[in-house]
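Asks: sequence and predicted structure are below.
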Amino acid sequence: MSDPNPYSTANGSSNKRSKPPPPPLNVPHGHVAFRLLCHASRIGGVIGKSGNVIKQLQNSTGVKIRIEEAPADSPDRVVTVIGPTNVDTRMSVNSSRSSGSFVNSNGNEGNGEDRGEKDGNCFEVSKAQEGLIRVFERILEVAAENDGIEIGVVSCRLLAETHQVGSIIGKGGKVVEKIRKESGCKIRVLTENLSACAGPNDEIVEVM
């Protein structure tokens, strides 16, 4: 979301000074930036050898993915996903699997589309949303590979600025309650004891 790296100069540790700061993150008009928190122990599997995993994710979804710098003592890293907001991608979910298959506007992965339509689990999403879900799926895969964690109830944590969180909650909490009912997920907003990656105007939206 708007401030790509609010903590880039925080702590001022010597190992950070040896590297130039990343260029400012450009979010083009008609695009959105999602900032997903990932535990530092799993970030290597998300990046891949020589960045091959991120490259594959970018090529398959059409989004830009960047791993942000973090304070040296932070247990988290921020994965920023930037993509178009126009809804032109169909996401089909097979209820027998823990993750979904995606069908883009060109009709790729037609079998997944057929299954989703038959099951009534076909959804219209934007490229940015697809990219975010792909990255989160990869984080879950790395957790299963490295830690032997079985995928059951999972938690997704997103950094968002306070004014953005207000739009999610809605007047009297009506918007977030509607999202809870439609998705079956638990959603809470964290304003205290935040990740060291959070900026001064950030809160955390946790989806479980």
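Replies: That came through, no problem.
Asks: where in the protein is pLDDT low?
Replies: Where the chain drops to pLDDT under 70, the residues are 1-22, 92-121, 148-152.
Asks: for it, which helix is longest?
Replies: helix 127-147 (DSSP state H).
Asks: quick one: list the elements packing against that one.
Replies: strand 31-39, helix 43-47, helix 52-61, strand 76-84, strand 87-92, strand 101-103 (3 or more Cβ pairs under 8 Å, 6 or more residues apart in numbering; DSSP states H and E). Backbone N, C-alpha and C define where each C-beta goes, glycine included.
Asks: go through these and pick out the most buried.
Replies: Of these, the one with the most neighbours on average (mean count of other Cβ atoms under 10 Å) is strand 76-84, at a mean of 23.
Asks: in its sheet, what does that one sit against?
Replies: strand 31-39 (antiparallel), strand 64-67 (antiparallel) (DSSP bridges).
Asks: off-centre distance for the shortest one?
Replies: Remark: strand 64-67 is offset 10 Å from the chain centroid, using Cα atoms, centre = their mean, to the nearest Å.
Asks: tell me which residues of it are tucked away?
Replies: Lys64, Ile65, Arg66, Ile67 (16 or more other Cβ atoms under 10 Å).
Asks: which one of those is nearest to Asp88?
Replies: Lys64 (17.0 Å; Cβ to Cβ).
Asks: is the closest residue to the closest one other than its chain neighbours bridged to anything, and to what?
Replies: Setting aside the residues directly before and after it, Lys64 is nearest to Ile82 in space (Cβ to Cβ, 6 or more residues apart in numbering), at 4.4 Å. When assigned by DSSP bridges, Ile82 has beta-bridge partners Ala33, Lys64.
Asks: distance of Ile82 from Arg157?
Replies: 18 Å (Cβ to Cβ, to the nearest Å).
Asks: ok, Ser60 next?
Replies: From Ser60 over to Arg157 the distance is 24 Å, taken as Cβ to Cβ.
Asks: do Gly184 as well
Replies: For Gly184 relative to Arg157 (Cβ to Cβ), the value is 18 Å.
Asks: which of the two has more neighbours?
Replies: Arg157 (18 against 6; other Cβ atoms under 10 Å).
Asks: which residues does that one contact?
Replies: Leu36, Leu37, Ser195, Ile204, Val205, Glu206, Val207 (Cβ atoms under 8 Å, 6 or more residues apart in numbering).
Asks: swap in 10 Å and give it another go.
Replies: By Cβ atoms under 10 Å, 6 or more residues apart in numbering, the contact set of Arg157 is 35-39, 76, 190, 194-195, 204-208.
Asks: which of these lies closest to Asp147?
Replies: Closest to Asp147, out of all of the contacts of Arg157 and judged by Cβ to Cβ, is His39, at 9.7 Å.
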